[in-house]
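J.: quick one, fold the following:
(chains A and B)
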Amino acid sequence: QVQLVESGGGVVQPGRSLSLSCAASGFTFRSHGIHWVRQAPGKGLEWVAVISDDGSNQYYADSVNGRFTISRDNAKNTVYLQMNSLSAEDTAMYYCAKDRYYGSGTYALDYWGPGTLVTVS
Amino acid sequence: DIQVTQSPSSLSASVGDRVIITCRASQSLSGYLNWYQQKPGKAPNLLIYAASTLHFGVPSRFSGSGSGTDYTLTISSLQPEDFATYYCQRSFATPRFGQGTRLEIK
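T.: Here you go, the predicted structure:
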């Protein structure tokens, strides 16, 4: 079955860096884009970044552009999120999710990991 | 950038009630709209994609409709396990989520 498992969260001081990982299994990893979505405590969902299936394209939310870098290793079925210059506003649960395209250009995030908590303090 | 706005932000209902949640976009989404359910302490789960197609395994009491700028998620007869927070998400370009609708037990 499809599984996504995030790791690497923890407590980090403002201005420091942290790297998250998302390990995937149960599907053809190299055929799907992978997204990071975060959720601050008690708040809604905020999309963070996406990397295309072959890793050639990355897109970021304005709030993290220039500070976060998404990458992937298709040989290891893993996506990474390097987070630099962290601030309290980055405190959140970070989820990775795979995308699925249904044709006609529409897609959805059809499977999500359980999340990893990042606390900047 | 096309924004999506959900309403209401919270809703109280009873088991067996019919519930409608609305998502309105600042411009036409052309049907590119998904719905997710999130329970406390859990990751979101996809319910509906392309405005009206149920994701695999989602009960038929959930339905989606809409076009252009206005979309709805309907739960025909609320079950105890349906009390959760629901999010809409535009599904073209990069994702953008609505603010969420918290569905509580009356």
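
J.: from now on I want contacts and neighbour counts done on CA atoms only, so please keep to that.
T.: Noted.

J.: how many neighbours does A:Gly55 have?
T.: 18 (other CA atoms under 10 Å in any protein chain shown).

J.: neighbours of the nearest residue to A:Asp110 once chain neighbours are set aside, how many?
T.: Leaving aside its chain neighbours, A:Asp110 sits nearest to B:Leu46 (5.6 Å; criterion: CA to CA, 6 or more residues apart in numbering or on different chains). Residues contacting B:Leu46 under the criterion other CA under 10 Å number 23.

J.: measure B:Ser60 to chain A for me?
T.: 18 Å (CA to the nearest CA, to the nearest Å).

J.: who's in contact with the residue lying closest to that residue once chain neighbours are set aside?
T.: Residue nearest to B:Ser60 in three dimensions, not counting chain neighbours: B:Leu54, with 7.8 Å by CA to CA, 6+ apart. B:Leu54 sits next to B:47-48, B:60, B:62-63 when contact means CA atoms under 8 Å, 6 or more residues apart in numbering or on different chains.

J.: dump those residues into a markdown table; add neighbour count as well.
T.: Listed next are the contacts of B:Leu54 as a markdown table, based on neighbours: other CA atoms under 10 Å in any protein chain shown:
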| residue | neighbour count |
| --- | --- |
| B:Leu47 | 26 |
| B:Ile48 | 25 |
| B:Ser60 | 9 |
| B:Phe62 | 20 |
| B:Ser63 | 20 |
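
J.: of the residues you listed, which belong to strands?
T.: Among the contacts of B:Leu54, the ones falling in strands (DSSP state E) are B:47-48, B:62-63.

J.: now these as CSV including distance to A:Trp47 and pLDDT?
T.: CSV is the format used below for those (distance: CA to CA, whole Å; pLDDT from 0 to 100):
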residue, distance to A:Trp47, pLDDT
B:Leu47, 18, 98
B:Ile48, 18, 98
B:Phe62, 25, 98
B:Ser63, 24, 98
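
J.: from the residues you listed, which is closest to B:Gly31?
T.: B:Ile48 (11.5 Å; CA to CA).

J.: let's see the pLDDT reported for the residue nearest to A:Asp110.
T.: Listed pLDDT for B:Leu46 reads 98.

J.: what residues are up against it?
T.: B:Leu46 neighbours (CA under 8 Å, 6+ apart): A:108-111, B:34-37, B:55.

J.: next: B:Gly100.
T.: B:Gly100 touches A:44, B:6, B:9, B:85-88, counting by CA under 8 Å, 6+ apart.

J.: in PyMOL, select just the buried ones from those residues.
T.: Provided next is the PyMOL selection string for whichever of the contacts of B:Gly100 are buried by 16 or more other CA atoms under 10 Å in any protein chain shown:
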select buried, (chain A and resi 44) or (chain B and resi 6+9+85+86+87+88)
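
J.: out of the contacts of B:Gly100, the closest to A:Ser52 would be?
T.: Taking those together and measuring to A:Ser52 by CA to CA, the closest member is B:Cys88, at 22.5 Å.

J.: quick check, that closest one in a helix?
T.: No. Counting by DSSP: H, G, I helix; E, B strand; the rest coil, B:Cys88 is not part of a helix but strand.
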